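Peer 1: Here is a sequence together with a model predicted from it:
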Amino acid sequence: MWTLVLQASVFCVLVQRLSRVPALPPHVTHLYLDMNRIALVDASSFWGLERLQVLDLGGQRVPLVIRKEAFSRLGHLRRLVLGSNLGLRLEPGAFAGLSRLQALHLDHCSLNDSILAERYLEPLTSLETLNLFGNQIKRVRPSAFFGNLTELRSLNLRLNSIERLCEADLQGFQGRHFGVLDVSSVQLGAMSKPGFDWKTCGNPFRGMSFQTLDLSHNGFGVAKSKRFFSAVEGTKISHLRLSGYMGKGFSFDNLPDPDNSTFQGLSNSSVLTLDLSKGRIFALRPGVFGWLQEVTSIDLSQNRVLDLSHNHIGVLGYGSFRGLPQLEALFLTGNSLPNLGFPSPLPRLQYLLLGDNKLSSASGLAPFAGTVKHLDVQGEPADQPGGPSRPPGPAEPTPDSALRRQRHPMGRCLSVFDGLGRVLDLDLSSNALQTLPPGVFKGLASVARMDLSSNALTYLQPGVLPKSLRKLDLSNNFIAAPEPAALRSLSHLGLASNRFHCDLNLRSFLAWLNQTSVTLLSPADRLRCEFPPGLYKVPLLEFSAGVLGQP
């Protein structure tokens, strides 16, 4: 396709199988010849095109050779694109005459260490941006002439196979302030080996400073990060990107989370923003960012697990957790949340721990965490290990018990679990729950395991439990005479420390207990009568033998 726009002096010839630069009018300033079949450019290729400011020769379908002084006539050229030319061959002096060039793109050209170590780029005294993305550079050793490239501010070395970054190698960059240095996804494999000599390597960034330094996806775990930051101590880095790898993930103890010494080496680096996104950080330990006194923004987005337990959080602001669409586990245990507010939805959330908060409303739970499978809304543990010592009665409640009864809105709002049809595990233990209103669990279509232990339940109405429920823990409650009809769906049942009232009303449960195939989480011979006082602590099976023998 030919496109000629005289007014703008732009000329595009794309995918036309051209084998050489075509003859063009002398007023052309922008020339796009990418994706053709040009195999060679030399000094004669651009005859009469001295006004060119932008030239794109990227992605030729044949190997491209750039001869010596090929661009010598293009003294006004500002931007040169040679990217995606695999196997590109540059003769010495190929860039002669390009003293005004500001941006050079050599990405994906199969270039090796020599592009920096030798004199190919020496004529480019006005160069500001150098793109070497995706080449075969193993060692960064810039030649001394880089000291003359005083305008160079942006260097992209991403996706090379760089073994190490050491002080002796990078001397050619000393004295430079980089707007952006991108050394992400280069691995730095030698620096991960146990025997690597960090002392001999020195400070690779000595005499340099950075607006943005990108070290993402280089296998920077906690140990490697700590050593590297100690090595570059004092280097000014306004914006540090360390995306990927950091953290142990969910239940992987061999890969630690950052601790309060990980970022110590950055204490004098004046870091303003820190990007730790796309990692596997499990828990933020106290003081982990304490060394970063000037930091204004820390990006933890797209981490799969986020543990914010015991952080005195009292409010989830509007849109909290925005930018965390990959988050699978969120732990908010032991905070002071009275409600959930209006956080952003987490479309992949599987684990949500809200235990030991001050929740008086669970409104907004489904829009926020509708995909969750494991939900913990455990209340504050009772002060005494045995839990409630008597069933709730007409006595004047203490302020603490009144607060605890307000914590869950199940008596007032039967839609509390609506929209949570994927939940498999639900923990509602230690919430001082006295009743379970009919329909309260109607939204839990998939729940298989439920913990209602250490509450104040006195009765379990048939039909109140979800039909999908298989395992139920009712330990440490006040259910005087459990109804067998309420337990039909179960395969496992916990009744340890339940306060049974041993009279004839217990007969149907005792008959069920003697013939059921349900697995008890604690042996039946450990179950005891709590009431009446004359039968206190009598084994339930002993009482059963007498009761079931009566007509």
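Peer 2: Alright, I've got the coordinates.

Peer 1: What ranges does the stretch 351-500 of the chain have for its helices?
Peer 2: Using DSSP state H, counting those that start in this stretch, the helices assigned to the stretch 351-500 of the chain run over residues 365-369, 399-406.

Peer 1: how about the helices of this structure, start to end?
Peer 2: Listed in chain order, the helices of the chain (DSSP state H) span 114-117, 198-201, 222-231, 365-369, 399-406, 507-515, 540-547.

Peer 1: want to throw those helices into CSV with distance to Cys166, mean pLDDT and mean neighbour count?
Peer 2: For the C-beta atoms, the positions are set from N, CA and C on the backbone; glycine is no exception. Formatted as CSV, those follow (distance: least, C-beta to C-beta, whole Å; pLDDT from 0 to 100; neighbours: other C-beta atoms under 10 Å):
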stretch, distance to Cys166, mean pLDDT, mean neighbour count
helix 114-117, 14, 98, 18
helix 198-201, 4, 97, 12
helix 222-231, 9, 94, 18
helix 365-369, 47, 89, 21
helix 399-406, 60, 34, 14
helix 507-515, 73, 94, 15
helix 540-547, 74, 87, 16
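
Peer 1: out of these, which comes closest to Ala329?
Peer 2: helix 365-369 (11.0 Å; C-beta to C-beta).

Peer 1: which residues are in contact with that closest one?
Peer 2: For helix 365-369, contacts defined as C-beta atoms under 8 Å, 6 or more residues apart in numbering pick out 330, 340, 343-346, 349, 352, 375, 416-420, 443.

Peer 1: Among the residues you listed, which lie within strands?
Peer 2: Secondary structure assignment by DSSP state E places Leu330, Leu352, Leu375 of the contacts of helix 365-369 in strands.

Peer 1: Spit out the contact partners of the second one.
Peer 2: This means Leu352. Ala329, Leu330, Leu332, Ala369, Val372, His374, Leu375, Asp376.

Peer 1: Distance of it relative to Leu365?
Peer 2: Look at Leu352 and Leu365: by C-beta to C-beta, to the nearest Å, they are 8 Å apart.

Peer 1: ditto for Val183
Peer 2: From Val183 to Leu365 the distance is 43 Å (C-beta to C-beta).

Peer 1: and what of Ile66?
Peer 2: Ile66 is 62 Å from Leu365, by C-beta to C-beta.

Peer 1: Kindly report the same for Pro256.
Peer 2: Going from Pro256 to Leu365 by C-beta to C-beta gives 32 Å.

Peer 1: cool, and Leu213?
Peer 2: 41 Å.

Peer 1: Please apply the same query to Leu240.
Peer 2: Distance, Leu240 to Leu365, using C-beta to C-beta: 36 Å.

Peer 1: Next, count neighbours for the residue nearest to Val28 when sequence neighbours are not counted.
Peer 2: Of all residues not flanking Val28 in the chain, Phe11 sits nearest, at 4.9 Å (C-beta to C-beta, 6 or more residues apart in numbering). By other C-beta atoms under 10 Å, the residues close to Phe11 number 22.

Peer 1: unless I'm mixing things up, Phe11 is touching His27, no?
Peer 2: No. Contact criterion C-beta atoms under 8 Å: Phe11 and His27 do not qualify, at 9.8 Å.

Peer 1: Find the residues that touch each one of these two.
Peer 2: With C-beta under 8 Å, 6+ apart, Phe11 and His27 have no common neighbours.

Peer 1: Count the residues that sit near Val183.
Peer 2: Neighbour count for Val183, taken as other C-beta under 10 Å: 20.

Peer 1: what's near enough to touch it?
Peer 2: Neighbouring residues of Val183 by C-beta under 8 Å, 6+ apart: Leu157, Arg158, Ile162, Leu165, Leu213, Asp214, Leu215, Asn218.

Peer 1: same thing with Ser225?
Peer 2: So Ser225 contacts Leu242, Met246, Pro258, Thr262, Phe263 (C-beta under 8 Å, 6+ apart).

Peer 1: Any figure for the gap between it and Ser301?
Peer 2: As judged by C-beta to C-beta, Ser225 and Ser301 stand 19 Å apart.

Peer 1: Lys442 too?
Peer 2: In this structure, Lys442 and Ser301 are 35 Å apart, going by C-beta to C-beta.

Peer 1: ok so, going back, output the contacts of Ser225 in TSV; the columns should cover neighbour count, distance to Trp198 and pLDDT.
Peer 2: TSV is the format used below for the contacts of Ser225 (neighbours: other C-beta atoms under 10 Å; distance: C-beta to C-beta, whole Å; pLDDT from 0 to 100):
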residue	neighbour count	distance to Trp198	pLDDT
Leu242	26	18	93
Met246	26	19	69
Pro258	23	19	85
Thr262	22	16	92
Phe263	23	17	95
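
Peer 1: Can you measure across stretch 346-354, start residue to end residue?
Peer 2: Using C-alpha to C-alpha, to the nearest Å, the end-to-end distance of stretch 346-354 comes to 15 Å.

Peer 1: I'd like the average pLDDT over it.
Peer 2: Stretch 346-354 shows an average pLDDT of 93 in the prediction.

Peer 1: Which residues does stretch 510-523 contact?
Peer 2: The contact list for stretch 510-523, computed with C-beta under 8 Å, 6+ apart, reads 473, 475, 484, 487, 490-496, 524, 540, 543-544, 547-548.

Peer 1: Could I get the CA-only coordinates of it as PDB?
Peer 2: Taking Å, rounded to 0.1, in the frame of the first residue of the first chain, the C-alpha atoms of stretch 510-523 are listed here in PDB:
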ATOM      1  CA  LEU A 510     -30.300 -40.400  72.000                       C
ATOM      2  CA  ALA A 511     -32.000 -42.900  69.700                       C
ATOM      3  CA  TRP A 512     -30.400 -41.200  66.700                       C
ATOM      4  CA  LEU A 513     -27.000 -41.100  68.400                       C
ATOM      5  CA  ASN A 514     -27.100 -44.900  68.900                       C
ATOM      6  CA  GLN A 515     -27.900 -45.700  65.300                       C
ATOM      7  CA  THR A 516     -26.500 -42.900  63.200                       C
ATOM      8  CA  SER A 517     -23.700 -43.300  60.600                       C
ATOM      9  CA  VAL A 518     -22.700 -39.700  61.100                       C
ATOM     10  CA  THR A 519     -19.100 -39.400  62.300                       C
ATOM     11  CA  LEU A 520     -18.800 -37.500  65.500                       C
ATOM     12  CA  LEU A 521     -15.800 -35.100  65.700                       C
ATOM     13  CA  SER A 522     -15.400 -36.000  69.400                       C
ATOM     14  CA  PRO A 523     -16.200 -39.500  70.700                       C
END
